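# give me a model of this one.
(2 chains)
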Amino acid sequence: MYSALKGRHRIALKGRYPIALKGRHPKAPGALKKLTLQKTALNRKKEPAIVEAVKMDLHLKPYDHFVLDNHIPVYAIEAGTQDVMQVELVFFAGNSYEDQNLVASATNAMLKNGTSKKSAFEISEYVDFYGAYLSTNCYNETATVTLHCLTRYLPDLLPLINEMVSDPVFPEQELEIYKMNMKQRLEVNLKKCDVVAERLIDEHLYGAEHPYGKNSSIEAYNALQVDQLKTFFERYYRNGTCIAFCAGHLPADIAPLLNKYIGTLPVSEQKPKEKSLIYRPSAEKKFRVMNDPSGVQGAIRIGRPFPSRHHPDYQKVQVLNTLFGGFFGSRLMSNIREDKGYTYGIFSFIQNHINDTALVISTEAGRDVCEAAIKEVYLEMKRLRDESVPAEELDLVRNYLMGTILGDLDGPFHIISRWKNIILSGLDDKYFYRFIDIIRNVTPAELQELANKYYRDDDFYELVVI
Amino acid sequence: MIKYDRFQLSNGLRVLVHHDENTPMVVVDVMYDVGARDENPGKTGFAHLFEHLMFGGSVHIPEYDEPLQRAGGENNAYTTNDLTNYYCSLPADNIETAFWLESDRMLSLAFSKKSLDVQRKVVVEEFREHYINKPYGDVWHQLRALAYHVHPYRWMTIGKEVSHIEEATLEDVKGFFAKHYTPANAILVVAGNITTDKVKALAEKWFGNIPGGVRYNRELPMEPEQTSARKKEIHADVPLDAFYKCWHMSGRLDKRYYMADLASDILGGSSSSRLYQRLVKEKKLFSQIGCHHFGSIDAGLMAIEGKLIKGVDMLAAEAAVEEELTQMKNELPSEKELQKVKNKTESMMAFEDMSLTNRANSLANYELLGDAGLMNSELGRYLEVTAGDIREECSRIFQESNSSTLYYFSKK
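This next block holds a predicted model:
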């Protein structure tokens, strides 16, 4: 992925806090020491006047929409200062559609590993020669092929994309290497308490038969066969459904170009039938797991089921959850990091799923303070339920959210990514503006009511992995 | 082409402005010319701990984040072995809030005891999370100590040991601030929807009367040339054997840096790189392998690291790596291969520059290196590199006597 690329300065980022978090809200540091400084007329105690972000007019740039000859819909955002762009093909070929664990992700990954005309090496050499980045990603509902390139090379690269998604050959040899390397990677990951905790909390929340709850395993990798991949490809790619998203500085002839190389793919208009989802959450709710007896930290996950984006509570809880644990100034961060120093970072988030999802609190804390940290999480939930959110705190969250959305709308890749979420979730074009409206107008009373509905101790699964 | 203006205040603060009217935002980036290399060997990890304390309140403002968040902004910061960078992004209308906050903490901190107590703990948890509680987490502690005997790059940014962080005192904090956090040692970059005139006025208003301080005179001991190979074995509770080897290379400003950088891309930058293709795909000795370097300002390290396929002998794996290096030393890379890594570099820069924050950050970085103009001219330095340069540079770097090797064995 282009975001994983090295930078000019090769800086090993050592952020002030884990990058998934934004913002901060430390406690008052007590009396300030007076220093004798040079005389100045400037009043440094006085905060400069600001335009409140809640009053700013936020616009999600509308997309251009057109349909290719084979009925693939294209959503396009033309914006940006650099001559770069991305094209993403989204197939309904995620792991929800597989009959056997890992077949969807293996099929997706192996698209890059050989066509009848090019070997895996030739494909990656070709992409690299044009300075492009090609990534494949498999999610629950969808699986994607994404190209990032300098705009001028798009005509050279689209034929390759066409070849990859119309003529992959899934060489036996490549699959064996893939299996071996993925198994080795899994073994290393299973030594990490955070990875183990993430796998387990999903299993508890959804059950191992649910696409959101199932996990990879050595056995599942061992069981992968070329024929299964070929079958899956035939059904969900060659005869599957595809949506295209592109963004950036687009070439003037983007539509004919896409039509030539993507509009000729033999896809179907009919979205494949989803398997019915089986939710089998654990009966037990509290777990303590010893993964590494010598571990010095525990990975804590506390989560509960939560409805999809279509539910009327969803966007309001997004505001509530931001205040609770969604940014650096949140209550969880202020208390558990900035006051107690139990962790480098703690946050609460709604998992990014299309169907019914989960609300999860996540942190890695010192081994001997894990239980104390959990206690504080529940105390913060109780405070959310029992006390109305002070207006000043809510105003800060409103402004913070508006400011970050404004910043996040900067740049074509961010804009298309917002649209992609909306479109793939089957939401309407006004979804974004409803959220802005909620950020501005949701009341402390509504938030308290939601806290009493969604932040109840007994509804949460709780897990510590050391 | 990234346009910018540059001026300096009378107290020594260097200011760069990059105007971009396509965005509603501004980024205010303050870079201080101090990193982990400037630490006392008995008090390592301090520059990074200090970065956390910069958010514990300044002389006139009890809280940094709240006012920024109210103004619709957000921030982050990071520390490296070379420098410390603080940046925030907020709606252009509210830019003065950033000037107010950043100038006050350049003027003086609150030096709160509570903040130090808490952030010591937070940083210890950060240390544990990334370097102790992760398989192979201690690799670069080991390798830096092996490769550097004199230069302060011998410890990591996070610090040599947890106790150094636990023992930090408020006196240390004050001394560090006085020495390094002054206008003379800082660079301010403002990027986004704002004019240079406006930035000039704001910079004078908020930073102009901060005492300039003394420009820190860095006198670090340079690492002497390494004359014999260094090797170390580790046996740890990890699932796979892993191979790590590094070599000294030139510093960031040397023209040889660009040759080494491109050589590292040819060897290990992507899935079409030589190490991946030969050793992962063809010979199946490694499940993953890469070549990278640290991009450090003083003479740095080029490194190859890989995880071995189970059952593969460590020395056989090393021999296969050496075979690739021998080829780099003896044969010219093809023109196509060289062009590929140059194209990749151009493209990397274009993608990086999409983000306003990255543009601000890069300008600060180049200014710290001594020439903000590199922002636009550095690609030219890459394009000048020839196949012969790559071969020569590889011959200089990849000598056994210049190497440090870490054999990381799985205990099982």
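
# how far off centre is the strand or helix carrying A:A365?
Under the criterion of DSSP states H and E, A:A365 resides in strand A:357-366. Remark: strand A:357-366 is offset 15 Å from the chain centroid, using CA atoms, centre = their mean, to the nearest Å.

# parallel or antiparallel, list what pairs with that strand.
Here strand A:357-366 has these sheet partners by DSSP bridges: strand A:297-306 (antiparallel), strand A:343-350 (antiparallel).

# JSON lines for the ones you listed, including mean neighbour count?
C-betas here are computed from N, CA, C, even on glycine. What follows is those, written out as JSON lines (neighbours: other CB atoms under 10 Å in any protein chain shown):
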{"stretch": "strand A:297-306", "mean neighbour count": "24"}
{"stretch": "strand A:343-350", "mean neighbour count": "24"}
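
# how does the chain divide into domains?
This is for chain A. What automatic domain parsing lists as the domains of chain A is A:64-261, A:286-465.

# actually it's chain B I care about, not the one you picked
Split by automatic domain parsing, chain B gives B:5-207, B:230-410.

# in the sheet, who's paired with residue 76?
No chain in the question, so chain A it is. Per DSSP bridges, the residues bridged to A:A76 are A:D64, A:C246.

# sorry, I should have been clearer: chain B.
B:Y87.

# tell me the contacts of the residue most central in space within chain A?
Note on chain A: the residue nearest the mean C-alpha position is A:N352, at 5.8 Å, using CA atoms, centre = their mean. By CB atoms under 8 Å, 6 or more residues apart in numbering or on different chains, A:N352 lies in contact with A:N421.

# next: A:L154.
The contact partners of A:L154, by CB under 8 Å, 6+ apart, come to A:M85, A:V87, A:P251, A:I254, A:L257.

# related to what we said a few turns ago, from B:G175, how far out is the residue nearest to the centre of chain A?
A:N352 sits at a distance of 46 Å from B:G175 (criterion: CB to CB, to the nearest Å).

# the residue in chain A positioned nearest to chain B sits in which helix or strand?
Scanning chain A for proximity to chain B using CB to the nearest CB identifies A:G403 as nearest, at 2.3 Å. Assessed by DSSP H and E, A:G403 sits inside helix A:391-408.

# mind listing residues that contact that helix?
A:22-23, A:25, A:52-54, A:56, A:58, A:319, A:322-323, A:327, A:329, A:414, A:418, A:436, A:439-440, A:444, A:447, B:24-25, B:66, B:69-74, B:89-91.

# let's see 6 Å
Applying CB atoms under 6 Å, 6 or more residues apart in numbering or on different chains, the external contacts of helix A:391-408 come out as A:23, A:52-54, A:58, A:322-323, A:414, A:439, B:24-25, B:69-70, B:72-74, B:89, B:91.

# repeat for stretch B:69-85
Counting by CB under 6 Å, 6+ apart, A:11, A:13-16, A:22-23, A:50, A:53, A:329, A:396, A:399-400, A:402-404, B:31-32, B:34-37, B:47-48, B:51, B:86, B:88, B:90-91, B:94, B:97, B:153, B:157, B:296-297, B:368 sit against stretch B:69-85.

# which among the residues you listed end up buried?
Among these, those buried by neighbour count (16 or more other CB atoms under 10 Å in any protein chain shown) are A:11, A:14, A:16, A:22-23, A:50, A:53, A:329, A:396, A:399-400, A:402-404, B:31-32, B:34-37, B:47-48, B:51, B:86, B:88, B:90-91, B:94, B:97, B:153, B:157, B:296-297, B:368.

# hey, what's the closest residue to B:E102 other than its chain neighbours bridged with?
Using CB to CB, 6 or more residues apart in numbering or on different chains and skipping residues adjacent in sequence, the residue nearest B:E102 is B:V30, 5.2 Å away. The partner list for B:V30 in beta bridges (DSSP bridges) reads B:Y86, B:L188.

# now, which of the contacts of helix A:391-408 lie within strands?
B:M25, B:E74, B:S89, B:P91 (DSSP state E).

# if you rank those residues by neighbours, which is first?
Using other CB atoms under 10 Å in any protein chain shown as the neighbour criterion, B:S89 leads the ones in strands among the contacts of helix A:391-408 with 28 neighbours.

# before we move on, back to that, other residues contacting the strand holding A:A365?
A:194, A:205, A:297, A:299-306, A:325, A:342-343, A:346, A:348, A:350-351, A:373, A:377, B:125, B:129.

# pLDDT averaged over it, what's the number?
For strand A:357-366, the mean per-residue pLDDT is 95.

# which helix or strand lies directly C-terminal to it?
Following strand A:357-366 in sequence, per DSSP H and E, is helix A:370-386.

# what residues sit buried inside that next one?
Under 16+ other CB under 10 Å, the buried positions of helix A:370-386 are A:C370, A:A373, A:I374, A:E376, A:V377, A:E380, A:M381, A:L384, A:R385.

# span of stretch A:403-421 from start to end?
20 Å (CA to CA, to the nearest Å).

# quick one: distance of that stretch to the chain centre.
13 Å.

# in that stretch, what counts as buried?
A:403-407, A:409-420.

# near chain A, which residues of the stretch 301-412 of chain B are found?
Counting by CB under 6 Å from any CB of the partner chain, the residues of the stretch 301-412 of chain B close to chain A are B:340, B:343-344, B:346-348, B:350-354, B:362, B:365.

# can you redo these as CSV with pLDDT, secondary structure and neighbour count?
Compiled in CSV, those are given as follows (pLDDT from 0 to 100; DSSP: H, G, I helix; E, B strand; the rest coil; neighbours: other CB atoms under 10 Å in any protein chain shown):
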residue, pLDDT, secondary structure, neighbour count
B:K340, 96, helix, 26
B:N343, 95, helix, 17
B:K344, 93, helix, 25
B:E346, 93, helix, 14
B:S347, 93, helix, 22
B:M348, 91, helix, 20
B:A350, 91, helix, 20
B:F351, 91, helix, 24
B:E352, 90, helix, 20
B:D353, 91, coil, 17
B:M354, 90, coil, 20
B:S362, 95, helix, 26
B:N365, 95, helix, 27
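
# looking at the residues you listed, which one is closest to chain A?
Nearest to chain A among those, counting by CB to the nearest CB, is B:S347 at 3.0 Å.
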